[in-house]
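Novice: The sequence isn't on hand, but the structure is:
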């Protein structure tokens, strides 16, 4: 620093335009000294004498550097990415403020605009040792960007430039919302520059200097800083220069970390013995100052300094010069007295972060855990006080500014007022602030659910990722985990549950889960559930249960409402004959008429008793609900003693109170009390215990006693349903005997009025996807779990349980058959949504048939028929794994069949095996699929069902295509066609023609097959088959270059699949349209289609479709020369195809990988991939694939200067394409033309005449394929 001071003093007195030139002469080759003094000069020009006290960036040119291919300098555009997905170099130099500083846009200082590359420069944003930052306009994408132009000394230094380029690669490899996005690293007009996200907002430095940040404001910012830095560390990047000046906070509270200008790869640093001390004095750790290797602990130190500075307003290690700042950081101690009054944990955290010894310094995960825990705790405490966290400046994160009504939640909308529980709510909030998991325990009917939802509503602003209410339907650990996953958007219940995606979703989430009503406490192992519920520091869990689940939860008992204690009312012998409806006397006339002696005495009670009783929460609840039933009701001197007795006799249970109050529509309070006394007398433990505690069963039985007999009958019968029911189902199943079908609606309404049945109007309880144009879902009704259990006990002893179960099974059998019949029609989507809603009932009906609970003995044939009826649903809805499980489980019924040779039995068995064959085919389990298909075929032949035999032959044809045996596939399709024509079955004929068209090398013949198939399918009116034929024709049109027809057919197919609700069909349509966009060179549009495919297949068991989409994205990225990005997609696609034995796909994957390696310069590694692909393609008869392989091998030969072999391969490939009418796509044709041009130039450079090349091309075109491939055995001679 002594030499820096001397140089600074020498040039500061010079005119501004001469300073840097003189400085360059003064520093000579010492670039580090030049950069340091240049920063001092800049700070001096921007400040008023305090610049030496400001944090100072100390750039260096001698840090370890990275290497990277020059190709990364091309723009990193072309693939959509979420905002903030890629970190960027700093656009906010230590003294510049992005978006808030104005200066001349032109380097010369003139006001005229200019361009850098294709960007119009709008102004200069700041300067630093690592470059100048401009605001630029990207006209192509119509957005403003930040452009950081690297200084000349960087671009002149190849080592340093490679380091910068490698940094861009590292940054581009990570994606995080708290790190600024880098768009590209480019060359233009003699400059090397970054383009990146333009961040509007204030720096943390700006916020700190404006005012002292309160802890409530700082914690959400600190949490985001730590998350962003952690993401960088996971990508192998250590920032090494974190200061408040390169941390931006947007207007909505989102944090963006900037200025990775001196960051280094932690992996590379570990291989280095030392690193230079680049950074800003005041924020650099002792080991960084000493030049030790970069580690993540250096960033922990810097974050600790930033937090200390934001709280105290000064640095922990102060100094008036950079030398003093550096020295104090190494030898001094923080002045802890400068901190304001803060909780002990923050002081302890800062002490751990600012330890001199990096080996004992706490790690970033500990920092994050502490900050997140305390952030949530502080916000919950604030909610408990009814206040926002202290501090209301612009830095307060958006997540605390959004009104509660705008937060993500599925909390039930309350239909009535919530009363009381004030102290209990405070207790729950205090417990949630200090524990990750809290359980509300208590007997049924005590109000746990309503209390939990009220707590959730009050803390909505605390949890930016939502408060989610989950009525737990399962009694197993996995069922609960599935409920949680679905609430958080991980909806696939078809797959075998995997806990890892759920853990990833919870990693950064700040969310409250309310698990309502799970009572399964005797399960032997809850390890996975415990792992999920304790994962992530931002997760809180609120349980409602009757007893502890032993998951480490803090318990908060929820007792009934506190009973009123009014001695005046206890002293009286209140008669239940009083008129107690709204101040009326026994005659019903308000304020007049005679009263009994007891009533007169009650009315003479002191007003203080009435005041006291109105303050009781149980009484207030009763009065409110009674007024809903009877608006004229009032709590008066005469009615209060009766209400007092009522709520005490009801034990203060909210459910019981509400049920009783609902009867005020037809009874007076006195009449209600009298009836209640009669009912409870039957249930109390002893005659003297008339006011003792009652169970929920007693309350429910009492409530049931208030119903008409037909309503009680309906209540008992409704216990047969699972997961809810529709009115139609209730009428079909329950409307018999003494309960007429047409009366079901009235009695169902009575049950709803008594809160025994809940209404979920228009809500799809299955979680099935909604469609904009679909019909509204029918109103559904549900029994709460405990209420259904009570109803089941009644059903078990009733005489009609057997008949009820039989009607229940018959109803859902009919629903399944009708849905199967509507498959492929315009009504398919409607019926499949019905199955989505009724899945629980359908599976329960199947269970009834298996275990015989509907008739006293199992009915295997009906069970198998129901299973087969659901096959088309499982296939078209993508619930492949679920369908396979149910079908294979149903096979246990086969040995129970009385006569397995009866025609109807055989046909049903064949349908089940055929369904299994199709399901396993879509799982790419081709071995199992073949076994099931052949068994189905054997059965259909035995029972003489020719149409089904033809259908299985067609399916086997598609199976052999997947396995790469086109010859065998052709035989299966031909057999299917022959049978279909023989029995005049148009559907069989159309399906077989489609298969035959798909294996033709002659495009004209293939088109004829597909167009005939389409005509037949349109005649049959099978919308799904029409869509399939359109996709075949569209793909064929594309291969012969008719892009317009291809798009037209494929878009029509997509629309049909959307209307039918076929996710697999939609996935195929997206893939095919992505290929069309690729042909049109619309690479962004193409990738969007492929990503849409992946979005669908992620929720389906569809490895084949997933592999194709992944492979296509890899090809797309290779064409854009984004090789590093392409390779993971290509390799994952190939791995999927190998896993499932897809030979055709394996060849495509190996060819794609071989080309990728070749274009990357890995010639030796590409050769075996290309040769293996060719061998498979020859073996399976894939002529277009063979042509592509020859072109790839020609490019490989060109790389080794084997010019003759390259020419003959190109000639053979072109001739083969002409023969089979399979032209290259425009992007591929462009690539082949470029290779052939390189071949011509290589021949010219080798002195070979043009005629020589033409002759070799001709030879390749005329020679047999076998002769051409013989060259591969002699390639060493080329």
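Specialist: Thanks, I have it. Just so it is clear, the structure is predicted and the values come from calculations on it, not from any experiment.
Novice: Report the separation between residue 115 and residue 197.
Specialist: According to Cβ to Cβ, to the nearest Å, residue 115 and residue 197 sit 20 Å apart. Backbone N, C-alpha and C define where each C-beta goes, glycine included.
Novice: neighbour count winner among the two?
Specialist: Remark: of residue 115 and residue 197, residue 197 carries more neighbours, 22 against 12, as counted by other Cβ atoms under 10 Å.
Novice: Spatially nearest residue to the more buried one, not counting backbone neighbours?
Specialist: residue 181 (4.0 Å; Cβ to Cβ, 6 or more residues apart in numbering).
Novice: The one you found reaches residue 195, doesn't it?
Specialist: No: between residue 181 and residue 195 no contact is recorded; they are 9.9 Å apart, counting by Cβ atoms under 8 Å.
Novice: Could you tell me which ranges of the stretch 401-550 of the chain sit under the pLDDT cut-off?
Specialist: 401-406, 443-444, 473-475, 491-496, 518-525, 546-548 (pLDDT under 70).
Novice: Kindly recompute the last result at 90.
Specialist: 401-437, 439-450, 454, 457-466, 468-511, 515-540, 543-550 (pLDDT under 90).
Novice: And the helices in it?
Specialist: 422-434, 448-458, 477-487, 499-507, 527-533 (DSSP state H, counting those that start in this stretch).
Novice: neighbours of residue 1055, just the number please.
Specialist: Using other Cβ under 10 Å, residue 1055 is surrounded by 14 other residues.
Novice: helix or strand right after the helix or strand hosting it?
Specialist: For residue 1055, the element it lies in under DSSP states H and E is helix 1043-1060. Going down the chain from helix 1043-1060, the next helix or strand is helix 1063-1079, by DSSP H and E.
Novice: Next, the angle from the following helix or strand past that next one to helix 1043-1060.
Specialist: As assigned by DSSP H and E, the chain's next helix or strand after helix 1063-1079 is helix 1083-1097. Put simply, helix 1083-1097 runs at 30 degrees to helix 1043-1060, going by axes from the mean of the first three to the mean of the last three Cα atoms, to 10 degrees.
Novice: packing partners for the helix or strand that helix 1083-1097 is followed by?
Specialist: On the C-terminal side of helix 1083-1097, the closest following helix or strand by DSSP H and E is helix 1103-1119. Applying 3 or more Cβ pairs under 8 Å, 6 or more residues apart in numbering; DSSP states H and E, one finds that helix 1103-1119 contacts helix 1063-1079, helix 1083-1097, helix 1123-1139, helix 1143-1159.
Novice: Adding distance to residue 654, mean neighbour count and mean pLDDT, write those helices out as JSON lines.
Specialist: Below are the helices and strands packed on helix 1103-1119 laid out as JSON lines (distance: least, Cβ to Cβ, whole Å; neighbours: other Cβ atoms under 10 Å; pLDDT from 0 to 100):
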{"stretch": "helix 1063-1079", "distance to residue 654": "43", "mean neighbour count": "24", "mean pLDDT": "90"}
{"stretch": "helix 1083-1097", "distance to residue 654": "44", "mean neighbour count": "20", "mean pLDDT": "90"}
{"stretch": "helix 1123-1139", "distance to residue 654": "54", "mean neighbour count": "19", "mean pLDDT": "91"}
{"stretch": "helix 1143-1159", "distance to residue 654": "60", "mean neighbour count": "24", "mean pLDDT": "91"}
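Novice: Which one of these lies nearest to residue 289?
Specialist: helix 1123-1139 (34.8 Å; Cβ to Cβ).
Novice: Tell me which other helices or strands that closest one touches.
Specialist: Short answer (3+ Cβ pairs under 8 Å, 6+ apart): helix 1123-1139 packs on helix 1103-1119, helix 1143-1159.
Novice: how much does the first one deviate in direction from helix 1123-1139?
Specialist: Right, the one you point to is helix 1103-1119. Going by the same axes, to 10 degrees, helix 1103-1119 makes 160 degrees with helix 1123-1139.
Novice: okay, now residue 15: neighbour count?
Specialist: For residue 15, using other Cβ under 10 Å, the count is 7.
Novice: what's the helix holding residue 1055 in contact with?
Specialist: For helix 1043-1060, the external contacting residues (Cβ atoms under 8 Å, 6 or more residues apart in numbering) are 824, 826, 828-829, 876, 1023-1024, 1026-1028, 1030-1031, 1033-1035, 1037-1038, 1065-1066, 1068-1070, 1072-1073, 1076, 1079-1080.
Novice: What residues does the residue nearest the centre of the chain make contact with?
Specialist: What sits nearest the mean C-alpha location of the chain, by Cα atoms, centre = their mean, is residue 489, with 5.5 Å. Applying Cβ under 8 Å, 6+ apart to residue 489 gives the contacts residue 505.
Novice: Next, work out how far apart it and residue 558 are.
Specialist: For residue 489 relative to residue 558 (Cβ to Cβ), the value is 30 Å.
Novice: again, but for residue 426
Specialist: 14 Å.
Novice: The two - which one has more neighbours?
Specialist: Neighbours were tallied for residue 426 and for residue 558 using other Cβ under 10 Å; the higher tally belongs to residue 558 (23 against 12).
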